[in-house]
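Chemist: how would this look folded up:
(one chain, ligands or ions: 1)
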Amino acid sequence: MTNPKLKSVTKSSQNSNVIVRRKPAAAVKTAYSLAEREEIFRRFSIQRPEPRGELEHTNPFTLVVAVALSAQATDAGVNKATRALFKIADTPQKMLDLGEEKVREYIKTIGLYRNKAKNVVALSQMLADEFGGKVPETREELVRLPGVGRKTANVVLSMAFGQATMAVDTHIFRIANRIRLAPGKTPDEVEDRLMKVVPKQYLYHAHHWLILHGRYTCKARRPECERCVIADICKSPEKSSDIPAPLVELPPQVIGEAVE
Ligand code: SF4
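Modeler: Numbering: from 1, shown residues only. Model (predicted):
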């Protein structure tokens, strides 16, 4: 008779008496306990109760275009160019009717505009041909669109379809490694780990909180630990203060504004 107590850790082979030990579940790689992670994000949620992306858009299609245009550009710069563009072209078909040359004219104030105009027209074509003019709601389909990478897809899934995603940008990548919240060598690795270590109830807004924390406090060149609300919990070897800043709600800050 099997010893029920052994059931969870061992398995008897049917043909021999060899005891096979189950592999332990992979440990979540983070320097913080669940209670510490909950406290970190609880404080972020008090500082910034309603963080939002600042890219202007009128529907999922214009959001995809705006996010694709925002690579290596500020949200404010993209908004300036797209306001006029989206007035006349807010669907894939209208963008196709406008044509690459005119799209280029509208967005010429944005960096890499030639290539971006080409991608906007190509992605409009694919949406019209393969998706009935609608923006798909899965990451696998979104990344097939020209000019749409994993990060863009994550932003679209989050902002247009309300899915919890982690679009790892330079700030999130730095913080995850610097404070050892979810260390990883590549953005994809960091993304996977953050999705596991951020407590579920905070996952939807987590990427905005981390971006803003990186932009305004845990800055690239010198983290401003004396202004940091998690200074007492932070385990970064770079930190210069143990005293947390007062936990108060901050005035709205623009996520896409270039500060550094
Ligand atoms: S204490 Fe310093 S290093 Fe740690 S998260 Fe805050 S700003 Fe960053």
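Chemist: phi first, then psi, for residue 199.
Modeler: Backbone dihedrals for residue 199, given as degrees, to the nearest 10, come out at phi -60, psi 140.
Chemist: contact partners for it?
Modeler: Residue 199 makes contact with 34, 37-38, 41, according to CB atoms under 8 Å, 6 or more residues apart in numbering. For every residue, glycine as well, the C-beta is placed using N, CA and C.
Chemist: cutoff 6 Å now
Modeler: 37-38 (CB atoms under 6 Å, 6 or more residues apart in numbering).
Chemist: distance check, residue 56 against residue 83.
Modeler: Residue 56 sits 7 Å away from residue 83, going by CB to CB, to the nearest Å.
Chemist: okay, those two: which has more neighbours?
Modeler: Of the pair residue 56 and residue 83, residue 56 is the one with more neighbours under other CB atoms under 10 Å, namely 16 against 11.
Chemist: mind listing the strands in the chain by residue range?
Modeler: 10-12, 19-21 (DSSP state E).
Chemist: weakest of those by average pLDDT?
Modeler: The minimum mean pLDDT among the strands of the chain belongs to strand 10-12 (a mean of 40).
Chemist: which stretches of the stretch 151-260 of the chain form helices?
Modeler: For the stretch 151-260 of the chain, the helices defined by DSSP state H, counting those that start in this stretch cover 170-178, 187-197, 203-216.
Chemist: for residue 160, find the nearest of the ones you listed.
Modeler: Residue 160 lies closest to helix 203-216 among the helices of the stretch 151-260 of the chain, at 13.5 Å (CB to CB).
Chemist: state the distance from the closest residue to residue 133 other than its chain neighbours to residue 111.
Modeler: Using CB to CB, 6 or more residues apart in numbering and skipping residues adjacent in sequence, the residue nearest residue 133 is residue 92, 5.1 Å away. The gap separating residue 92 from residue 111 is 24 Å, by CB to CB.
Chemist: neighbour count winner among the two?
Modeler: Legend: neighbour count by other CB under 10 Å for residue 92 and residue 111, higher for residue 92 (25 against 15).
Chemist: residues from the stretch 101-250 of the chain in reach of the ligand?
Modeler: 178-179, 217-218, 223-225, 228, 230-231, 234, 236, 238-239 (CB under 6 Å from any ligand atom).
Chemist: quick check on these: which are buried?
Modeler: 178-179, 217-218, 223, 225, 228, 230-231, 234, 236, 239 (16 or more other CB atoms under 10 Å).
Chemist: now render those residues as JSON lines, adding distance to residue 196.
Modeler: Formatted as JSON lines, those follow (distance: CB to CB, whole Å):
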{"residue": "178", "distance to residue 196": "19"}
{"residue": "179", "distance to residue 196": "16"}
{"residue": "217", "distance to residue 196": "24"}
{"residue": "218", "distance to residue 196": "21"}
{"residue": "223", "distance to residue 196": "24"}
{"residue": "225", "distance to residue 196": "26"}
{"residue": "228", "distance to residue 196": "24"}
{"residue": "230", "distance to residue 196": "19"}
{"residue": "231", "distance to residue 196": "25"}
{"residue": "234", "distance to residue 196": "20"}
{"residue": "236", "distance to residue 196": "20"}
{"residue": "239", "distance to residue 196": "24"}
